[in-house]
Each structure stands twice: as C-alpha cells, then as structure tokens.
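J.: The following block contains a protein sequence and its predicted model.
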Amino acid sequence: MANHKSAIKRAQQSEVKRVRNKGYKTRVKKAIKEVRAAISNKNADEAKEKFILAASIIQKTSGKGIMHKNQAARKISRLSKQINQISAS
C-alpha cells in the first residue's frame, strides 16, 4: 500500500476509474452480444437496430479513452460485415 499522501490519493483515483471503466466495458460487451444474438437468429432488421445502438456505445467508449479507437473501429466493422452478410442472403 502507498505511504505518501499523493500516492494514497492516486491509488484511490485509480480505483474509481477502474470501476467506472469496467461499467463502460460491460455495456460494450452486452451491446455486442445483443447484435450477435440477432445475427444468429437471421433477423436482419433487429440486428440493424441493435447495431446502431451498439455502434453508438462503442464510439462513446472510445471517445472517453477507455477503448482504443482502432479497437472500436474493428469491432464496429466486424459487426457491420456480419449484418451485411445476413442481409444479402
């Protein structure tokens, strides 16, 4: 454990950020899971609706610096590609 006053404060701040970031990451995972569930059910309309919401959540998370921008772009791109495949068939 930290001994200096500044180190103690930094540890407390890190813990608060960790908990906050965990919440954002959980929201992203849940949104992606909902899109993938709609894709596996071959429901293109529902998948598109869920995708719009998921893409928004992913971009917000990326904008806050919790997720790297390239990682966010990759997740959105892969979901979009899967939706386009079921829409075409």
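T.: It's in.

J.: Moving C-terminal from the longest helix seen in the chain, which element do we reach first?
T.: With secondary structure taken from DSSP state H, the chain has its longest helix at helix 5-40. Sequence order places helix 44-63 as the next helix or strand after helix 5-40, per DSSP states H and E.

J.: Could you list the buried residues of the longest helix of the chain?
T.: Tyr24, Val28, Ala31, Ile32, Glu34, Val35, Ala38, Ile39 (16 or more other C-beta atoms under 10 Å). The C-beta positions use only the backbone N, C-alpha and C, and glycine is treated the same way.

J.: Do I have it right that the third one meets Ile57?
T.: Yes: Ala31 is within contact range of Ile57, at 4.8 Å (criterion: C-beta atoms under 8 Å).

J.: helices or strands next to the longest helix of the chain in the packing?
T.: helix 44-63, helix 69-88 (3 or more C-beta pairs under 8 Å, 6 or more residues apart in numbering; DSSP states H and E).

J.: which ones are touching the closest residue to Lys64 other than its chain neighbours?
T.: Excluding the flanking residues, the one nearest Lys64 by C-beta to C-beta, 6 or more residues apart in numbering is Tyr24, at 6.8 Å. Going by C-beta atoms under 8 Å, 6 or more residues apart in numbering, Tyr24 touches Lys60, Thr61, Lys64, Ile66, Met67.

J.: how about the nearest residue to Met1, chain neighbours excluded?
T.: Ala11 (7.5 Å).

J.: what's the distance between the residue nearest in space to the middle of the chain and Ile57?
T.: Note on the chain: the residue nearest the mean C-alpha position is Val28, at 2.6 Å, using C-alpha atoms, centre = their mean. Using C-beta to C-beta, to the nearest Å, we find Val28 at a distance of 6 Å from Ile57.

J.: try Ile8
T.: Ile8 sits 34 Å away from Ile57, going by C-beta to C-beta.

J.: Check Glu49 too.
T.: 13 Å.

J.: Could you check which of the two is surrounded by more residues?
T.: Legend: neighbour count by other C-beta atoms under 10 Å for Glu49 and Ile57, higher for Ile57 (17 against 14).
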